[in-house]
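Visitor: pasting the sequence and the predicted coordinates here, then a few questions.
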Amino acid sequence: MSVDLAVQLGRLMLPNPVLVASGTFGYAKEMAGIVDLARLGGILPKTITSSPRPGNKPWRTVETTGGMLNSIGLDNDGIDYFIANHLPYLGSLGSPLVVSIAGKTKEDFVNMAAQLGEHAQVSAIELNISCPNVSGGIDFGTDPATCEKLVAEVRAACPHPIIAKLTPNVTSIAAVAKAAEAGGADAVSAINTVQGMAIDWKRKKPMLGNVIGGLSGPAIKPIALRCVFQISQSTSVPIIGIGGISTLDDVMEFLVAGATAVQIGTANYFDPTLSNRIVNKLPGAISTLGASSMKEVVGTLQLPS
C-alpha cells in the first residue's frame, strides 16, 4: 500500500512529519556526513536571538536518570550572523527550514520575525516562548493573554507560518495553546523541557551553573504525551509533539495522541541517524493501522467508554 507521509500544519506543508528539534542538531552542517538532510520533514537549527548571547556558566549539561538536564542559555551569535553565515547553507538543503527565535521583549520577537520574513529560504518560524534557562524565557508562554498578543503581532509582521513552542511548566498548557491558536498560530510545538535540577550532595552544590535546567529525554515522554492529548482535545490547532522520542513506537504514540508531526531532540545526541530511519519505517507503521495517509492516523486515540 502506498502511504502519503505529507502533513499540513496550517500554512506549512511538510514532506513528512519527522523534524529535528532546535538546540539538538546544531546548524545541520555538523550532521551532514551522517544524515540525509533532504530526507527530513524539517530542520530547526539552534534558537537565535536579536543580539549575540554567551549562554550560561558551566556546567551546562548533566546526564540524569532517563534523560538529560541542560542549561545552555541560548548561546548563539545573533540573528545578523545567522542570516549572513548559516541561512545560505540551511536554505540549500532541500528540507523545510523552521527558524527558532527567542526574545526578551515582544518587540524582539516581532522585529526578528519581520527580518526573517524577508528571506524566502525560511519555511516557518518557531517562537521559543518556553525556554526555562534564561531570565524571562517562559514569560510569553505562561500567560495566555500575553501569548495570544505576541503571536498575533508576529503573524502581522511576518509572511511565514508561525509555530508557538509551549512550556509544560504551567497549570494548563491547553489554555496557552488556545491563546496561540486565537493569535493566529499555524501550529504549536509541545513540549519544551521540564524544569529540574541535579545536586552533588557531597559538595552540597547544584551541578548546573544556573542551578535549575530543562529536563529532556525519555523521562519526559509521558508528560509530553499528556500535553499533546490535552491540547488536541481543547483546540483544532495542529500540534508538533516533542519529548523523549527515540523509537518508531514513540512517534506513533504521539500521532495517535493528536500530534500531526514530531520533533526528535535529545536522541540526536546519541543516535543522530534516528530521524532518517524513522522516516523510512513510518510507511510500514501507518499501513499496519490500515491507513494510507498521515491524517488518517492523527488523533485516533480511542478512549475508554
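Guide: In hand now; what should we look at?

Visitor: check residue 139 and give its pLDDT.
Guide: Note for residue 139: predicted pLDDT of 78.

Visitor: and it, how close does it get to residue 98?
Guide: 22 Å (Cβ to Cβ, to the nearest Å). Backbone N, C-alpha and C define where each C-beta goes, glycine included.

Visitor: more neighbours, the two?
Guide: Legend: neighbour count by other Cβ atoms under 10 Å for residue 139 and residue 98, higher for residue 98 (29 against 16).

Visitor: the more buried one against residue 121, yeah?
Guide: No: contact status for residue 98 versus residue 121: not in contact, 11.3 Å apart, counting by Cβ atoms under 8 Å.

Visitor: tell me which stretches of the stretch 1-150 of the chain form helices.
Guide: The residue ranges that make up the helices of the stretch 1-150 of the chain, judged by DSSP state H, counting those that start in this stretch, are 79-81, 87-90, 106-116, 139-142, 144-157.

Visitor: where's stretch 194-205 relative to the chain centroid, distance-wise?
Guide: 26 Å (Cα atoms, centre = their mean, to the nearest Å).

Visitor: ok, and what's touching it?
Guide: For stretch 194-205, the external contacting residues (Cβ atoms under 8 Å, 6 or more residues apart in numbering) are 62, 64, 69, 132, 168-169, 206-208, 211-216, 220, 223.

Visitor: from those residues, which land in strands?
Guide: 62, 64, 69, 206, 212, 213, 214, 215, 216 (DSSP state E).

Visitor: give the buried subset of those as a PyMOL selection command.
Guide: In PyMOL, this line selects whichever of the ones in strands among the contacts of stretch 194-205 come out buried by 16 or more other Cβ atoms under 10 Å:
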select buried, resi 62+64+69+206+213+214+215+216
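
Visitor: pull the most distant pair out of the ones in strands among the contacts of stretch 194-205.
Guide: Taking Cβ to Cβ as the measure, these span a maximum distance of 17.9 Å, between 206 and 216.

Visitor: mind saving the C-alpha coords of stretch 25-38 as CSV?
Guide: Provided in CSV are the C-alpha atoms of stretch 25-38 (Å, rounded to 0.1, in the frame of the first residue of the first chain):
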residue,chain,number,x,y,z
PHE,A,25,21.0,19.5,15.7
GLY,A,26,23.4,22.4,15.6
TYR,A,27,23.1,24.3,12.3
ALA,A,28,22.7,21.0,10.4
LYS,A,29,26.2,21.2,8.8
GLU,A,30,27.5,19.2,11.8
MET,A,31,25.3,16.3,10.8
ALA,A,32,25.8,16.4,7.0
GLY,A,33,28.2,13.5,6.8
ILE,A,34,25.9,11.0,8.6
VAL,A,35,22.3,12.3,8.0
ASP,A,36,20.4,12.6,4.7
LEU,A,37,19.3,16.1,5.5
ALA,A,38,17.0,16.4,2.4
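
Visitor: point out where the stretch 151-300 of the chain drops to low pLDDT.
Guide: Judged against pLDDT under 70, the stretch 151-300 of the chain has no low-scoring part.

Visitor: could I get the full set of strands for it?
Guide: 162-165, 187-190, 194-197, 199-200, 205-206, 212-216, 239-242, 261-264 (DSSP state E, counting those that start in this stretch).
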